[in-house]
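S.K.: Provide a 3D model corresponding to the input given below.
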Amino acid sequence: MTIKINTMIAACILSYCTVSYANDDFNKAYQSFDEKEIKADIKTLSSDAFEGREPSGVGETLTTEMLIERFKSLGLSPGNGDKYTQAVPMVSITSKPETSLNIADLRFEFPKNFVATSRKTQKKIQLKNSELVFVGYGINAPEYQWNDYKNVDVKGKTVVVLVNDPGFATQDPKLFEGNTMTYYGRWIYKYEEAARQGAAGAIIVHETKPASYGWNVIESSWTGAQYHLPAKEVNEPAIDVEMWISIEKAKALFAKAGKDFTEMKKYALTKNFKATPLNLTASIRLKNEIKSSTSNNVIATLKGSEHPEEHVLYMGHWDHLGSYVDNDGKKVIYNGAHDNATGTAGLMHIAKAYQALGKAPKRSITFAAVTAEEQGRLGSRYFANHPTIPLKQIVGLINMDSLDVTGKKKDVTVVGYGKSELESYLSEAAKRQGRTLTAELTPERGYYYRSDHFSLAKKGVPALSAGGGSVWYDNTEKQIGKRVKADVAKCYHQACDEFNEAWGWQGLIAELQLFFETGYLLAETTEWPNWREGTEFKAYRDNMMK
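M.R.: A predicted model of the protein is given here:
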């Protein structure tokens with residue numbers, strides 16, 4: 001993809017760079033990232049004492065206190081009026097099956113091959129002999145002339161849905177966005193659309209490749225407390241029971257219905273697809289433990305020296321999955337060192353670099369450490385609904401979720417490459433490190449829709465998600481990557497995501513320097529970068545800025 005850079009932005013960047021590269025204060029701040037101090041903060045945040053940084057628990061208290069203390073010591077002002085915190089109301093629901101999932105004589109084992117949850121605030125909820133209907137990918141997308149729910153009534157029924165979208169399944173660039181996952185491929189959309197269609201339940205068929213993660217992630221992410229925003233914040237219907245089943249069980253289910261799963265998948269990709277009753281029913285009964293709670297975003301601001309009302313926003317989620325007691329009575333802690341103690345520490349150390357400048361940049365710099373990303377971006381969604389800064393005054397957002405620890409790179413991977421003019425600033429900052437921007441290698445995983453920046457992008461705020469790369473800086477960094485890359489991937493949302501002295505620390509520091517300079521470039525210009533033409537968020541930004 002060829003990206004056309006706005007000439008006014010390019011000129012501004014180039015004129016700024018002649019100043020910044022000769023600026024001793026900037027160079028001092030750029031070199032201020034201290035490996036020893038960064039390691040210490042990540043190690044602390046991911047220690048057992050923080051108990052996996054679960055929202056509303058002891059881990060939240062320790063984490064938010066650490067963030068507030070650090071921001072105060074750096075001279076940052078409260079970012080929410082006179083407070084450093086923004087209270088986020090939440091409802092936690094722990095769904096425990098009182099019965100297994102019952103479909104004919106199939107045997108399902110929780111959580112080995114099925115999981116079931118509910119986001120409805122009812123102590124007991126059930127499906128009783130709910131008719132099963134296969135609805136293909138469960139997508140209703142007029143802009144793609146695609147409607148899997150056409151001419152079918154699923155009210156009170158349970159839909160069976162494939163994961164991802166038809167573009168990925170066919171690799172046809174003319175279908176949806178080809179290999180690049182759209183929001184229609186995300187699991188949350190599947191449940192939302194099923195609810196809009198009046199379904200009582202939904203079963204998503206898990207497959208590792210189109211989901212982009214294994215069944216182990218389903219087990220770890222869907223078997224404990226699930227956090228939600230209160231219904232009045234969401235303002236959308238919800239189905240009674242949300243379920244996943246393994247591919248093996250899906251094949252058995254279709255066989256029991258007299259259907260071949262592989263053939264039905266192929267049928268779901270055709271224009272003449274029609275939702276198909278499976279002539280089976282599903283029953284399950286859940287007991288919900290419901291708790292209302294409050295978690296907190298932590299927000300702090302370095303006021304701009306000339307345009308304090310205009311803000312460059314750095315964001316990263318401080319939470320992780322918490323802990324649980326296994327069947328042997330052992331406490332298992334999901335320490336979340338990579339995801340996202342790295343980004344949380346990164347917020348503090350980028351703030352430290354700005355403090356080292358001596359003089360604040362022209363625009364304000366705001367840091368938002370948000371809660372409950374792992375539970376569906378709840379903190380950032382609440383911030384987007386109740387912004388402490390008017391959204392039209394946010395120049396751009398730089399999100400930091402799981403910094404690169406696999407060694408220093410020659411390139412920079414941009415998730416959602418080509419979406420916004422923020423990439424022009426990132427590209428200029430990357431030049432100092434001799435790096436170039438590249439598109440993500442796995443757009444089919446839909447990462448752009450899976451982290452906190454998406455909450456504000458949906459509202460129109462230009463948002464950047466970038467980091468890592470695919471070409472190591474030299475052989476030494478490549479060897480680091482070979483040593484740690486597989487472990488990092490294997491430990492995603494697992495208890496083994498722990499601090500590792502052998503990580504590629506020079507790559508992480510380079511990434512923080514890159515994000516620091518990108519934000520500084522934004523803060524020193526008077527330009528307002530936008531989404532690029534054809535991007536799904538541009539109309540929202542244009543209307544916002546009128």
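S.K.: not counting sequence-adjacent ones, nearest residue to residue 411?
M.R.: Distance criterion Cβ to Cβ, 6 or more residues apart in numbering; nearest residue to residue 411, sequence neighbours excluded, is residue 469 at 4.0 Å. Where you see a C-beta, it was placed from the backbone N, CA and C, and this is true even at glycine.
S.K.: what's the average pLDDT for the longest helix anywhere in the chain?
M.R.: Across the chain, the longest stretch assigned as helix under DSSP state H is helix 505-524. If you average the pLDDT over helix 505-524, you get 97.
S.K.: helix or strand next in line after that helix, which one?
M.R.: Sequence order places helix 538-544 as the next helix or strand after helix 505-524, per DSSP states H and E.
S.K.: so for that next one, what's the average pLDDT?
M.R.: Averaging pLDDT along helix 538-544 gives 93.
S.K.: now do the helices in the stretch 301-450 of the chain.
M.R.: Secondary structure of the stretch 301-450 of the chain by DSSP state H, counting those that start in this stretch: the helices cover 342-355, 378-385, 422-431.
S.K.: and the angle for the last one with helix 505-524?
M.R.: Same thing as helix 422-431. Interaxial angle, helix 422-431 versus helix 505-524 (axes from the mean of the first three to the mean of the last three Cα atoms, to 10 degrees): 130 degrees.
S.K.: show me what counts as buried in helix 422-431.
M.R.: For helix 422-431, burial by neighbour count (16 or more other Cβ atoms under 10 Å) applies to 422, 423, 424, 425, 426, 427, 428, 429, 430.
S.K.: I'd like to know which elements that helix is packed against.
M.R.: Contact here means 3 or more Cβ pairs under 8 Å, 6 or more residues apart in numbering; DSSP states H and E; on that basis helix 422-431 packs against helix 7-20, strand 394-399, strand 411-415, strand 436-439, strand 463-466, helix 505-524.
S.K.: present the ones you listed as a markdown table; the columns should include mean neighbour count and distance to residue 212.
M.R.: Supplementary listing: the helices and strands packed on helix 422-431 in a markdown table, determined by neighbours: other Cβ atoms under 10 Å; distance: least, Cβ to Cβ, whole Å:
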| stretch | mean neighbour count | distance to residue 212 |
| --- | --- | --- |
| helix 7-20 | 14 | 33 |
| strand 394-399 | 25 | 19 |
| strand 411-415 | 22 | 13 |
| strand 436-439 | 16 | 16 |
| strand 463-466 | 26 | 15 |
| helix 505-524 | 24 | 22 |
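S.K.: for the chain, longest strand please?
M.R.: Secondary structure of the chain per DSSP state E: the longest strand is strand 276-302.
S.K.: restricting to C-alpha, output stretch 411-428 in CSV.
M.R.: The C-alpha trace of stretch 411-428 is given here as CSV (Å, rounded to 0.1, in the frame of the first residue of the first chain):
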residue,chain,number,x,y,z
ASP,A,411,11.4,-2.0,11.0
VAL,A,412,8.3,-1.0,12.9
THR,A,413,5.1,-3.0,12.6
VAL,A,414,2.0,-0.8,12.3
VAL,A,415,-1.3,-2.5,13.2
GLY,A,416,-4.0,-1.3,10.8
TYR,A,417,-1.3,0.1,8.5
GLY,A,418,-2.5,3.0,6.3
LYS,A,419,-5.4,4.1,8.5
SER,A,420,-4.2,7.4,9.8
GLU,A,421,-1.9,10.3,9.2
LEU,A,422,-0.3,9.6,12.7
GLU,A,423,1.9,7.2,10.8
SER,A,424,3.7,10.2,9.2
TYR,A,425,4.9,11.2,12.7
LEU,A,426,5.8,7.7,13.6
SER,A,427,7.8,7.3,10.4
GLU,A,428,9.7,10.5,11.1
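S.K.: report the rounded mean pLDDT for that stretch.
M.R.: Stretch 411-428 carries an average pLDDT of 96.
S.K.: ok now it, how far from the chain's centre?
M.R.: How far stretch 411-428 lies from its chain's middle: 18 Å, per Cα atoms, centre = their mean, to the nearest Å.
S.K.: sorry, back to before: of all the helices of the stretch 301-450 of the chain, which one is nearest residue 505?
M.R.: When the helices of the stretch 301-450 of the chain are ranked by proximity to residue 505, the top entry is helix 342-355, at 10.5 Å, counting by Cβ to Cβ.
S.K.: which stretch among the helices and strands packed on helix 422-431 approaches residue 177 most closely?
M.R.: Closest approach to residue 177 among the helices and strands packed on helix 422-431 is made by strand 436-439 (12.5 Å; Cβ to Cβ).
S.K.: who does the following helix or strand past the closest one touch, helix- and strand-wise?
M.R.: Of the helices and strands lying after strand 436-439 in sequence (DSSP H and E), the nearest is helix 453-457. If contacts are counted by 3+ Cβ pairs under 8 Å, 6+ apart, helix 453-457 sits against strand 307-317, helix 378-385, strand 394-399, strand 463-466.
S.K.: quick one, which of those gets closest to residue 188.
M.R.: Nearest of those (Cβ to Cβ): helix 378-385, 11.2 Å.
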